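> Mind looking at a prediction? Sequence and model below.
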Amino acid sequence: MQQNYTFIGEHAEKYGVNSAVILHTIIYFVLSNRKSKKNYINGKYWVFNSSNKWQFFFPFLSKHQIYRCFKELVAAGAIIEGSYNKKGYDKTLWHTLSDSLLKECIKDSYWKNRIRKPIANLQKGRCKSATPIPNINTTIDILDEIEPY
């Protein structure tokens, strides 16, 4: 299956193409979390993934390239890094947008059109007597269902 990737030209000029592709995905997830009110910690909405999951999204980049892009985006002030894991041994890093980049994306009509309403809000009030179908398939990974592009 062919996967298309998107990035903002100004981001590519400022951070490089690889970082712009990663930043585009981070923006999508942070704005989606903001819309659905998920992963809200210390006044910000965050996204987190293991290095394997990030490589799932960017199979054309090595883990080292992905790591370097994240470090460069943090150093440039585009994103913020944090650690909000419940287990002390969990070293998964969390990322969010800088305040200025978040404000810029919130105002941008491109992102307003890309971020859909949360599913829970779409179903609210439509069917009073129906109950949701239980999710009994425990092997489905939530990230496999998300398409940021």
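Yes, it's here.
> ok, now which ones touch Tyr67?
Neighbour list for Tyr67: Ser51 [criterion: Cβ atoms under 8 Å, 6 or more residues apart in numbering]. Quick note: C-beta positions are derived from backbone N, CA and C, even for glycine.
> Could you list the low-pLDDT ranges of the protein?
Residues of the chain meeting the criterion pLDDT under 70: 1, 116-149.
> Identify, by residue count, the longest helix of it.
helix 17-36 (DSSP state H).
> who does that helix touch, helix- and strand-wise?
helix 9-15, strand 44-45, strand 47-48, helix 63-75, strand 94-97, helix 99-107, helix 109-114 (3 or more Cβ pairs under 8 Å, 6 or more residues apart in numbering; DSSP states H and E).
> Of these, flag the one that's most buried.
Between the helices and strands packed on helix 17-36, strand 94-97 has the highest mean count of neighbours, a mean of 22, where neighbours are mean count of other Cβ atoms under 10 Å.
> Dump the helices and strands packed on helix 17-36 to JSON lines, plus distance to Val21.
Below are those laid out as JSON lines (distance: least, Cβ to Cβ, whole Å):
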{"stretch": "helix 9-15", "distance to Val21": "8"}
{"stretch": "strand 44-45", "distance to Val21": "21"}
{"stretch": "strand 47-48", "distance to Val21": "15"}
{"stretch": "helix 63-75", "distance to Val21": "8"}
{"stretch": "strand 94-97", "distance to Val21": "14"}
{"stretch": "helix 99-107", "distance to Val21": "16"}
{"stretch": "helix 109-114", "distance to Val21": "15"}
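> Tyr28: which of the ones you listed is closest?
helix 109-114 (6.6 Å; Cβ to Cβ).
> what residues does that closest one touch?
8, 27-28, 31, 105.
> Who wins on neighbours among these?
Ile27 (27 neighbours; other Cβ atoms under 10 Å).
> wait, isn't that one in contact with Cys105?
Yes: using Cβ atoms under 8 Å, Ile27 is in contact with Cys105, at 5.5 Å.
> Give the residues shared as contacts by these two.
With Cβ under 8 Å, 6+ apart as the test, Ile27 and Cys105 both reach 97, 111.
> Having no further points to raise, I will conclude here.
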